[in-house]
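In: generate coordinates for the sequence data below:
(chains A and B)
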Amino acid sequence: ETGVTQSPTHLIKTRGQQVTLRCSSQSGHNTVSWYQQALGQGPQFIFQYYREEENGRGNFPPRFSGLQFPNYSSELNVNALELDDSALYLCASSLKGIGLLAETQYFGPGTRLLVL
Amino acid sequence: AQSVTQPDIHITVSEGASLELRCNYSYGATPYLFWYVQSPGQGLQLLLKYFSGDTLVQGIKGFEAEFKRSQSSFNLRKPSVHWSDAAEYFCAVGGEYGNKLVFGAGTILRVKS
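Out: Below is the predicted model:
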């Protein structure tokens, strides 16, 4: 148990719709990262939020956006869903120190999104 | 650019046999290296990590990994595999000041009795 939770566990949407996925980080963790894991592949980095600001982004279009809140929760929003967005979405929480050195990321169980 | 290669897509071992999963990475600076395990339909569980220091690191569930800078490798080992070890294993690399992990494609471990 990492103390990281995600909701919902499964979701079905149709192409063109919008979706919001939620993550609750470990208490005290100031950083959340989101990853997309397509079937049969390793997770791909979407973006990271540190103290409610975006702190790096992977190769994903702007229709992928996020929010981080002071209460250790965060959201991943995806607009204009495409069939290729079908994947397992993982959030990972971590605690970045003063020097902003890399830290261990603890993953939640994921949300499986199916786009029809 | 960072990259991770896990050359073996599937590995099958007998219960009680030893295991080695291979991982090669490409990273221009000091790498931070991780092994995660994923059971079907589940998230990722951290097995072990290497940041610095002793190049042989011990993890949970009896796993260990050895960092070899000259070979850009971070192979995962276990002396005796249990049926419950059947899962998918991911190697990942991050940077000292990085904000993202780059994962390999994973190795699926099957354990036969």
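
In: can you tell me the SS state at residue A:84?
Out: What DSSP: H, G, I helix; E, B strand; the rest coil gives for residue A:84 is helix.

In: low pLDDT regions in the chain?
Out: Picked chain A for this. For chain A, the stretches with pLDDT under 70 are A:1, A:98-102.

In: hmm, no, I was thinking of chain B.
Out: If you take pLDDT under 70 as the line, chain B has these spans: B:96-98.

In: relative to residue A:83, how far out is the residue in chain B positioned nearest to chain A?
Out: Residue nearest to chain A within chain B: residue B:103 (3.4 Å; Cβ to the nearest Cβ). For glycine as for every other residue, the C-beta is placed from the backbone atoms N, C-alpha and C. Separation of residue B:103 from residue A:83 (Cβ to Cβ, to the nearest Å): 23 Å.

In: burial of residue B:23, as a residue count?
Out: 26 (other Cβ atoms under 10 Å in any protein chain shown).

In: same deal with residue B:78?
Out: 21.

In: one more: the one 10 residues further on?
Out: By other Cβ under 10 Å, the residues close to residue B:88 number 20.

In: quick check: bridge partners of it?
Out: Beta bridges link residue B:88 to residue B:38, residue B:108, judged by DSSP bridges.

In: cool, residue A:44 as well?
Out: Beta-bridge partners, per DSSP bridges, of residue A:44: residue A:36.

In: number of residues surrounding it?
Out: Neighbour tally, residue A:44, other Cβ under 10 Å: 19.

In: thinking again about what came up before, give me the more crowded residue out of residue B:103 and residue A:83.
Out: Set side by side, residue B:103 and residue A:83 show more neighbours around residue B:103, with 23 against 10, by other Cβ under 10 Å.

In: give me every residue that touches that one.
Out: Residue B:103 is in contact with A:42-44, B:4, B:36, B:90-92, counting by Cβ atoms under 8 Å, 6 or more residues apart in numbering or on different chains.

In: kindly recompute the last result at 10 Å.
Out: A:35, A:37, A:41-45, B:3-4, B:6, B:34, B:36, B:44, B:90-93 (Cβ atoms under 10 Å, 6 or more residues apart in numbering or on different chains).

In: what sits against residue 45?
Out: No chain was given, so I picked chain A. By Cβ under 10 Å, 6+ apart, the neighbours of residue A:45 are A:33-36, A:56-60, A:92, B:2, B:92, B:94, B:98-103.

In: meant chain B, my bad for not saying
Out: Residue B:45 touches A:1-2, A:106-107, B:35-39, B:60-61, B:87, counting by Cβ under 10 Å, 6+ apart.

In: one more time with 6 Å, if that's ok
Out: residue B:37 (Cβ atoms under 6 Å, 6 or more residues apart in numbering or on different chains).

In: in a strand, it, correct?
Out: Yes - membership of residue B:45 in a strand is supported by three-state DSSP.

In: and it, bridged to which residues?
Out: Here residue B:45, judged by DSSP bridges, has bridge partners residue B:37.

In: how about the one 4 residues further on?
Out: Applying DSSP bridges to residue B:49 yields these beta-bridge partners: residue B:34.

In: that one reaches residue B:32, doesn't it?
Out: No - between residue B:49 and residue B:32 there is no contact under Cβ atoms under 6 Å: 7.1 Å.
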